[in-house]
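> A predicted structure for the sequence below; I have some questions about it.
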Amino acid sequence: MRKSLRANIIFNLGGALVPLCVSILVIPIYLVRIGQARYGIISLVWLLFGYFGLFDLGLSQATTNLLARPTNQAPVRQAEIFWTATAVNILLGTVGGIVFGLVGHYILGWFVSIPVDLKGELQAAVTWVACLLPLSTTGAVFVGALEAHERFLELNLIQVAGAILSQLIPLLAVIAIGPRIETAIAATVLTRLATTVPIFILALRQCADGLAPRLMPATAHELLRYGGWITVSNIAGPILVSIDQFMIGALIGVSSVPRYSIPFNLATKILLVPAAMTRALFPQLTKLEMCYAVAKAESMTEAVSLALVLVCAPLILLNHYALTLWLGSEFAADASLLARIIILGVWINGLAYVPYVTLQSQGMPSVTAKLHVFELLPFFALLWIGLHSLGLIGAALAWSFRVLIDAVFLFKAANFSRKTARNLFPSLCILGAAFGLSLLFDGEPLVLLVISCTIFGASLIYAVRTNAVFSSIYSKYCRSP
């Protein structure tokens, strides 16, 4: 494994895990200060904001792909791509912000029942989020430019600082000013602005230092052609991620959303691990022909699987007691089984990141886009059945089944070999054992803690001994000289 890839994976993992640790400390205080109803509405606002990311039209990822190609390394060409993508995304983000400001609160009010006393707060919050949209779409281009040049250390340092402040400042604002929705969201928007400025400066120096802005229609067309299929995924993807929470709000009630969204959002934070690994892999795969890219990606798949096992297995075993300590026994009783099911789905979903990135890097975003579209109606029907028959557990089962089907099709579309599937079998056995033991010894936290430590240690030793990625990292950073 190349040194840059190994280092970039570590930078990305650090950049993902530090904000997660801060959120674990902040969320309980934030939830108490702002209340479950307001927290549920804020969660839905950010979900809707994520959906409006479609106004990016896929240009952030298209920028990374185009800047990383070996044929586009001349300074003038780099500047053309950077400034063209920036100008187009400013325009698209502004249009998206106007649309969001006009219809955002109506959309939320249509999907879920908003308490009358909170509607004014929601409307004011939507205005702030509308202002954030052009900043977000443009900032994504700057991030994509730095990723194309593998400047992951500097990028992660800035993003970690921004992510921490984005959690602390809204909490402080709520404490100082009052528990209102628009107060929390306004604080987040201002923090995001402060984070985007240094990322822009770094990206400018990397791609267009000393070169005058130059907008090229042909480059815009090239970016939009690649980004068009990304846009299809940007439309379907957020629906697949968020429709379960909207349906819970509609069918069960907005106060039930935190009982699902908190364990779901925390469990899916595990996906920061494969995201960090494939984020570092993407620009390197872009530089390779398809056959070599698939071979490199296959070698990464087992590493992603084992990395996920090291996180997922202990969480399956200990999530009930972690939730009890964190949010109380009543919340944990409702959420622990649900969280275990979602964690299994997260392992499957994390594996799919590798073929997904492989297809994207090779200029085939149409494959993933079509798959996401085809999943929409079956997933909607499955959620409806699951919620009516099993409640929140039904929603978790529906989501996990959907990501399983998604992963199978992605591996097949990327032409991964059957050997890749066989290499995943040990990880699957470990997770199955963890799930079974969590049910068998439920109510015995000390026993589960011992089992968790044993599984973690054995899995880590197995990973170091059998996988080149783990062996390389161990040799570099852990073995004594």
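Here it is on my side, so go on. Numbers count the residues shown, from 1 in each chain.
> next, the buried residues of stretch 436-452.
Within stretch 436-452, the residues scored as buried using 16 or more other Cβ atoms under 10 Å are L437, S438, P445, L448, I451, S452. C-beta: built from backbone N, CA, C; applies to glycine.
> does S305 belong to a helix or a strand, and which?
Assigned by DSSP states H and E, S305 belongs to helix 290-327.
> which strands or helices does that helix pack on?
Applying 3 or more Cβ pairs under 8 Å, 6 or more residues apart in numbering; DSSP states H and E, we find helix 290-327 packed against helix 3-34, helix 257-268, helix 272-286, helix 329-361, helix 418-423, helix 425-440, helix 445-466, helix 468-477.
> rerun at 6 Å
Counting contacts by 3 or more Cβ pairs under 6 Å, 6 or more residues apart in numbering; DSSP states H and E, helix 290-327 packs against helix 272-286, helix 329-361, helix 418-423, helix 425-440, helix 445-466.
> for A184, which of these is the nearest?
helix 329-361 (20.8 Å; Cβ to Cβ).
> how far is the closest one from where the chain is centred?
11 Å (Cα atoms, centre = their mean, to the nearest Å).
> same thing with stretch 409-424?
With Cα atoms, centre = their mean as the basis, stretch 409-424 stands 22 Å off its chain's centre.
> who touches it?
Contact with stretch 409-424 is made by V294, E298, T301, E302, S305, A352, P355, Y356, T358, L359, V367, L371, as judged by Cβ atoms under 6 Å, 6 or more residues apart in numbering.
> about what we covered before: how about the helix holding S305: buried residues?
290, 293-294, 296-324, 326-327.
> show the average pLDDT along that helix.
Averaging pLDDT along helix 290-327 gives 86.
> just want the angle from it to helix 257-268.
For helix 290-327 against helix 257-268, the angle by axes from the mean of the first three to the mean of the last three Cα atoms, to 10 degrees is 130 degrees.
> which stretches of the stretch 101-250 of the chain have low pLDDT?
Scanning the stretch 101-250 of the chain for pLDDT under 70 picks out 105, 108-115, 117-118, 228-229, 234, 237-238.
> and the helices in the stretch 151-300 of the chain, which stretches?
With DSSP state H, counting those that start in this stretch as the criterion, the stretch 151-300 of the chain has helices at 152-177, 181-208, 217-251, 257-268, 272-286, 290-327.
> among those, which is nearest I81?
Among the helices of the stretch 151-300 of the chain, helix 217-251 sits nearest to I81 (Cβ to Cβ), with 5.8 Å.
> domain assignment for this structure?
Following automatic domain parsing, one gets these domains for the chain: 1-241, 252-481.
> distance to I10 added to the contacts of stretch 409-424, as a markdown table?
Converted to a markdown table, the contacts of stretch 409-424 look like this (distance: Cβ to Cβ, whole Å):
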| residue | distance to I10 |
| --- | --- |
| V294 | 24 |
| E298 | 22 |
| T301 | 19 |
| E302 | 18 |
| S305 | 18 |
| A352 | 23 |
| P355 | 23 |
| Y356 | 22 |
| T358 | 22 |
| L359 | 25 |
| V367 | 30 |
| L371 | 31 |
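> still on that earlier bit, what's the most distant pair in the buried residues of stretch 436-452?
In these, two members sit farther apart than any others by Cβ to Cβ. They are L437 and P445, at 12.6 Å.
> check which helices and strands the helix or strand hosting E147 sits against.
Using DSSP H and E, E147 sits within helix 119-148. Counting contacts by 3+ Cβ pairs under 6 Å, 6+ apart, helix 119-148 is packed against helix 59-68, helix 75-111, helix 181-208.
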